[in-house]
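Asks: mind folding the following:
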Amino acid sequence: MAIKWDDIKHKNSPERRAATRQAAKAELERLGFGKLRQARQLTQVQLAERLDVPQAAISRMERRTDLLLSTLRQYVEGLGGQLELRVVFPEAEFILEPLAPTRKREAAVSVQPAPETKTQRAATQRKQYA
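Replies: The predicted structure is shown next:
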């Protein structure tokens, strides 16, 4: 059973929620959807045409600090890419598929090997030279 936001939001203080919002905003600025779009050499107008939405919708997407995965996937696919969601634990990595489950089926968890992280590569290299 799904947990309702109203049932859990009081567990975090307003300060904690504000800090979380600020961290999310900083992460989006670091990622920079506009930079991603520019790296693909597309304007907001061109991307909007590909997605069949107004240019203002692209501008709003790029400024938001919180996106639905389906919106993010649509944006990335409009740029010609494919969005993957990877969960990393110290002992294992998982790629979640599909990102937006349909009503007909639940999201599957694929336990396929994920690419080696920078930290793992560095540890492997240290072992080789030790």
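
Asks: is it correct that residue 47 is in contact with residue 78?
Replies: Yes - counting by C-beta atoms under 8 Å, residue 47 touches residue 78, with 5.3 Å between them. (C-beta placed from N, C-alpha, C; glycine too.)

Asks: which parts of the chain are helices?
Replies: 5-8, 14-31, 33-39, 44-51, 55-63, 69-78, 118-129 (DSSP state H).

Asks: would you turn these into TSV with mean neighbour count, distance to residue 87 and mean pLDDT?
Replies: Shown next, in TSV, are those (neighbours: other C-beta atoms under 10 Å; distance: least, C-beta to C-beta, whole Å; pLDDT from 0 to 100):
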stretch	mean neighbour count	distance to residue 87	mean pLDDT
helix 5-8	8	21	73
helix 14-31	11	16	76
helix 33-39	15	22	81
helix 44-51	16	27	93
helix 55-63	16	24	89
helix 69-78	17	13	88
helix 118-129	9	15	66
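
Asks: let's have those helices in a markdown table, adding distance to residue 88.
Replies: Shown next, in a markdown table, are the helices of the chain (distance: least, C-beta to C-beta, whole Å):
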| stretch | distance to residue 88 |
| --- | --- |
| helix 5-8 | 24 |
| helix 14-31 | 16 |
| helix 33-39 | 21 |
| helix 44-51 | 29 |
| helix 55-63 | 26 |
| helix 69-78 | 17 |
| helix 118-129 | 9 |
